[in-house]
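S.K.: Please find the sequence and the predicted model below.
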Amino acid sequence: MMKVAETHGADDALEAARPVFSARDVVDITLAIGLMNAYSRLAIGFRRSVRVAPSAAA
C-alpha cells in the first residue's frame, strides 16, 4: 500500500479477502493498517525507540 499511486491496489488481494471478510471488516482492517503506518512514521520522526514490556523481556 505504500506506492498506491504507482502500483494501485491489489485487486487479487481484495478478491481473496471478500469471502472471508465483510466490506466493513475490510474497511476496519485498512484503517488499522493505516493508523499503524502513521504511528510508525511519527515514531521514526521523533526518534522513538521500541520499548519491550517487562513480561515480554523475560
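M.R.: Sure thing, it's come through. Numbering: from 1, shown residues only.
S.K.: can you give me the helices in the chain?
M.R.: Applying DSSP state H to the chain gives helices spanning 4-7, 11-17, 23-45, 54-57.
S.K.: Quick one: low-confidence residue ranges for the chain.
M.R.: Across the chain, the ranges flagged by pLDDT under 70 are 1-4, 56-58.
S.K.: got TSV for the helices of the chain, with mean neighbour count too?
M.R.: For glycine as for every other residue, the C-beta is placed from the backbone atoms N, C-alpha and C. As requested, the helices of the chain are arranged in TSV below (neighbours: other C-beta atoms under 10 Å):
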stretch	mean neighbour count
helix 4-7	8
helix 11-17	10
helix 23-45	11
helix 54-57	7
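S.K.: how far away is residue 34 from residue 27?
M.R.: As judged by C-beta to C-beta, to the nearest Å, residue 34 and residue 27 stand 10 Å apart.
S.K.: again with residue 35
M.R.: Taking C-beta to C-beta, one finds residue 35 at 13 Å from residue 27.
S.K.: and if you look at residue 9?
M.R.: 13 Å.
S.K.: and what of residue 15?
M.R.: 16 Å.
S.K.: do residue 7 as well
M.R.: 20 Å.
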